[in-house]
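*Asks:* give me the fold of what follows.
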Amino acid sequence: MSEIQKEPFIDLAGGRIRCRRCQAKSKRSGQQCKKPAIRNKRVCAFHGGRSSGAKTEEGRQRIADARTVHGRETREIREQRSQSSAKLMALEDIGWTLGMMTGTRTRGRKPKHYRPIKTVEEAWIWCALDSASASK
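*Replies:* Next up, the predicted model:
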């Protein structure tokens with residue numbers, strides 16, 4: 001797999017204007033952004049060229065404390081979602097084990113904390129553990 005060479009410049013207005021090209025790369029297609037970069041920046045406004053970053057020490061500390069991973073998601077929110085998804089998958093397993101469900105299973109990647117339930121005894125154990133953790 002060869003890496004795509006990034007073009008440093010782009011011609012606009014029929015070749016009359018030559019400016020720097022945004023250096024951002026698409027995760028999905030792997031292609032370089034086709035917009036011109038903002039003056040004295042590497043990227044366009046869409047990819048963060050207008051951002052000047054935190055200026056004050058308080059602002060920098062707030063960013064460090066937030067620990068955001070992507071957008072508005074923190075690690076805690078992602079962990080809660082993973083645990084909820086694992087719980088739903090376990091309930092689906094219990095439904096299949098007890099013969100209450102038919103058709104196709106839920107598709108997709110399994111959550112991080114998911115442990116498959118294959119027997120009725122495992123279903124009883126899971127229900128007892130879940131009710132004990134819910135009462136805390």
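*Asks:* for whichever strand or helix holds Leu91, packing partners?
*Replies:* Assigned by DSSP states H and E, Leu91 falls within helix 75-97. With contacts defined as 3 or more CB pairs under 8 Å, 6 or more residues apart in numbering; DSSP states H and E, helix 75-97 has these neighbours: helix 120-134. From N, CA and C alone the C-beta is placed, and that goes for glycine too.
*Asks:* quick one, phi/psi of Gln32?
*Replies:* Per-residue torsions, Gln32: phi -80, psi 150 (degrees, to the nearest 10).
*Asks:* what about it, how many neighbours?
*Replies:* Neighbours of Gln32 under the rule other CB atoms under 10 Å: 17.
*Asks:* re the thing from before, what would the helix holding Leu91 look like as PDB? C-alpha coordinates only.
*Replies:* Output of helix 75-97 as PDB, limited to C-alpha atoms (Å, rounded to 0.1, in the frame of the first residue of the first chain):
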ATOM      1  CA  ARG A  75     -13.900   8.400  28.100                       C
ATOM      2  CA  GLU A  76     -16.600   8.100  30.900                       C
ATOM      3  CA  ILE A  77     -19.400   8.400  28.400                       C
ATOM      4  CA  ARG A  78     -17.900   5.900  26.100                       C
ATOM      5  CA  GLU A  79     -17.400   3.500  29.000                       C
ATOM      6  CA  GLN A  80     -21.000   3.800  30.100                       C
ATOM      7  CA  ARG A  81     -22.200   3.200  26.500                       C
ATOM      8  CA  SER A  82     -20.100   0.100  26.300                       C
ATOM      9  CA  GLN A  83     -21.400  -1.300  29.600                       C
ATOM     10  CA  SER A  84     -25.000  -0.600  28.500                       C
ATOM     11  CA  SER A  85     -24.400  -2.300  25.100                       C
ATOM     12  CA  ALA A  86     -22.900  -5.300  26.900                       C
ATOM     13  CA  LYS A  87     -26.000  -5.500  29.100                       C
ATOM     14  CA  LEU A  88     -28.300  -5.500  26.100                       C
ATOM     15  CA  MET A  89     -26.300  -8.200  24.300                       C
ATOM     16  CA  ALA A  90     -26.400 -10.300  27.500                       C
ATOM     17  CA  LEU A  91     -30.200  -9.900  27.600                       C
ATOM     18  CA  GLU A  92     -30.400 -10.900  24.000                       C
ATOM     19  CA  ASP A  93     -28.300 -14.000  24.700                       C
ATOM     20  CA  ILE A  94     -30.700 -14.900  27.600                       C
ATOM     21  CA  GLY A  95     -33.700 -14.500  25.200                       C
ATOM     22  CA  TRP A  96     -32.000 -16.800  22.700                       C
ATOM     23  CA  THR A  97     -31.000 -19.300  25.300                       C
END
